[in-house]
Structure formats: structure tokens, C-alpha cells
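Asker: predicted model, plus sequence, below.
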Amino acid sequence: MMVLSKLPFSALLLATFCWASGCGGGPNDLPDLGQVSGKVTLNGNPLADAQVTFTPVDTDSGNTSSGTTDSSGAYELHYTGENMGAIPGEHKVTIIVGEGATPSFPEGVDPDKLSPQERQKYAAAAVIPAKYNSESTLTETVKSGPNTINFELTSE
């Protein structure tokens with residue numbers, strides 16, 4: 001009985017030590033991030049209110065990073081919360097236009113039966129081709145340190 005009564009205290013002591021030493025997933029657990037910014041244009045004009053998303057090709061390497069373009073087409077990637085950047089390595093890139101786009105639904109597609117993600121796919125296609133979003137062919141490599149990555153999209 002004596003060993004059982006000490007078990008809860010030992011578990012509490014171990015949990016306290018782990019919390020105090022930072023093994024609970026705090027900010028020190030962040031991977032090395034490359035700072036990523038750039039500009040997105042469509043047919044030579046700034047593309048405002050577009051969501052730029054970098055997804056690591058190696059899915060075990062970390063989270064997706066994203067940012068939204070301003071009126072001049074400029075963006076900066078956010079990793080998590082206040083942490084800016086993206087994990088170094090190769091990424092698949094998608095660029096989706098915001099809610100201001102007018103969706104174009106093919107014949108036979110009932111927009112009321114679509115999920116928000118499916119509706120967004122049609123909204124993005126109304127402004128920029130699918131090769132940049134739902135069927136993205138864009139890839140980029142992020143390096144440690146600052147990265148300037150521009151996207152010059154065309155509507156063709």
C-alpha cells in the first residue's frame with residue numbers, strides 16, 4: 001500500500017518538472033522558420049485579398065503557413081499565431097481569392113449543397129485559374145532566413 005500512495009505524488013512531481021522545463025509544447029518547440037514575403041500579381045496587376053498558402057511537401061515536417069495579400073498584392077506568411085514564416089523545404093503553393101469573388105457554378109451543381117471549401121473553389125476559379133488553387137501546379141522552396149517569393153499569375 002505504501003508504494004501506491006506515493007505513485008500519485010510522483011506523477012504530480014514529474015508533470016510539474018515537465019511543465020517547468022518546457023516539454024509541454026511551448027514556443028521553444030517551434031521549428032527553424034524562414035521568413036517569407038512577396039507580391040502576387042494577376043496579368044501584371046496587384047492581386048488583393050488573396051490567400052497565399054504554403055504546404056510542406058514533406059507532411060511530417062510541420063504546419064502549413066499562410067498570408068493574405070493587401071491592396072498592393074504584398075503578403076507575409078504566418079506559421080502559427082504570432083510566429084511569422086514557413087518551415088524550410090519544398091512547399092506546394094495555393095493562391096485562393098477571397099470572398100469578394102463572384103462564384104461561377106457549372107450546370108448541375110447546386111451551390112446550396114456545397115461545403116464552404118467547395119464554394120471557395122468555384123469563387124477562386126472565377127478570378128484566377130484552378131492551376132493556382134484547387135489544382136495548383138505551384139511549388140516553391142523556402143530557405144532559412146529571409147525569402148522573397150513573388151507570383152506573377154496569368155488568367156490564361
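Answerer: Received the coordinates, thanks.
Asker: in which helix or strand would I find residue 141?
Answerer: If you go by DSSP states H and E, residue 141 is part of strand 138-142.
Asker: can you give me the buried ones in the following helix or strand past that strand?
Answerer: As assigned by DSSP H and E, the chain's next helix or strand after strand 138-142 is strand 145-148. Of all the residues in strand 145-148, those buried under the rule 16 or more other C-beta atoms under 10 Å are residue 147. C-beta: built from backbone N, CA, C; applies to glycine.
Asker: what packs against strand 145-148?
Answerer: Packed against strand 145-148 by the contact rule (3 or more C-beta pairs under 8 Å, 6 or more residues apart in numbering; DSSP states H and E) you find strand 34-42.
Asker: leaving out chain neighbours, which residue sits closest to residue 145?
Answerer: Once flanking residues are discounted, residue 145 sits nearest to residue 34: 6.1 Å by C-beta to C-beta, 6 or more residues apart in numbering.
Asker: show residues contacting the strand holding residue 141.
Answerer: 34, 36, 54, 57, 85-95, 131-132, 149, 151 (C-beta atoms under 8 Å, 6 or more residues apart in numbering).
Asker: are any of the residues you listed buried, and which?
Answerer: 34, 36, 54, 85-88, 91, 93-95, 132, 149, 151.
Asker: ok, which pair from these is furthest apart?
Answerer: Farthest pair in the buried ones among the contacts of strand 138-142 (C-beta to C-beta) is 88 and 132. Separation: 23.0 Å.
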